[in-house]
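>>> Here is my input, please return the structure:
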Amino acid sequence: MKSLKPAALAAAFLLGSLLCANAWGESAPAGTPAQPRSQPQSQAGKDAYAKLPVCELSEDGKRLAVEPCRTAPAAAPMPRRPVPLTILQMPNNKVAPQVAMPKTQPSTPIEALMQPPGTPIPAVGCTAGGCYDPGGARHNAGPGSTTITPAGKLCQRQGAWLQC
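Alright, predicted model coming up:
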């Protein structure tokens, strides 16, 4: 019931607004067409407007010199004068010389990086500096339980096992 009262009040307000707007709105009599307000209403009004001086600014430029005034007549458009077409050539851009870069080591192919980790292998002869794998390759100790193979691949040491 509480939500019905605000809805009824809103509907009454909108209906009242529409009725008032309709009552106060300007409307032309039934037989006369509406005319735009920017144009004079009659021939006498047009003649009176034509007799007014042309609008000019005062010497300080902040207001009109004479009021009321009429707008200046439209000037005839000036014909365009022919101008020769000038197309300048663009300067030739020189290609920058190729900088000689030192040869870099081949990076690990993306396929090798994206492979899932292999099966764990036993770590042999582990010391504080690293471990050896069953093939005799040295895995140097890295941070935490990480070891680094001679090829630079990271492996995880889990007790007596290495997983690369």
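
>>> Who's the closest spatial neighbour of Ala141, skipping the chain neighbours?
On the basis of C-beta to C-beta, 6 or more residues apart in numbering, the spatially nearest residue to Ala141 that is not a chain neighbour turns out to be Gly130, at 4.4 Å. (Each C-beta comes from the backbone N, C-alpha and C, glycine too.)

>>> any idea how the chain splits into domains?
As assigned by automatic domain parsing, the chain contains the domains 42-73, 118-163.

>>> before we move on, the earlier item: neighbours of the residue nearest to Ala141, just the number please.
Per other C-beta atoms under 10 Å, the neighbour tally for Gly130 reads 17.

>>> Thr147 is in contact with that one, correct?
Yes. Gly130 is within contact range of Thr147, at 5.9 Å (criterion: C-beta atoms under 8 Å).

>>> picking that back up, tell me the spacing between the residue nearest to Ala141 and Val83.
With the distance defined as C-beta to C-beta, to the nearest Å, Gly130 ends up 82 Å from Val83.

>>> What separation is there between Pro73 and Glu56?
Applying C-beta to C-beta to Pro73 and Glu56 gives a distance of 14 Å.

>>> wait, Pro82
35 Å.

>>> So if I had to pick from the two, which one is more boxed in?
Neighbour count, other C-beta under 10 Å: between Pro82 and Glu56, Glu56 has more, with 10 against 6.

>>> The more buried one and Lys46, how far apart?
According to C-beta to C-beta, Glu56 stands 22 Å off from Lys46.

>>> Backbone dihedrals for Asp133, please?
The phi and psi values for Asp133, taken as degrees, to the nearest 10, are phi -90, psi 170.

>>> Now the residue lying farthest from the centre of the chain: closest residue in space, sequence neighbours ignored.
Distance from the C-alpha centroid of the chain, by C-alpha atoms, centre = their mean, peaks at Gly125 (61.4 Å). Nearest non-adjacent residue to Gly125, counting by C-beta to C-beta, 6+ apart: Tyr132, 4.9 Å away.
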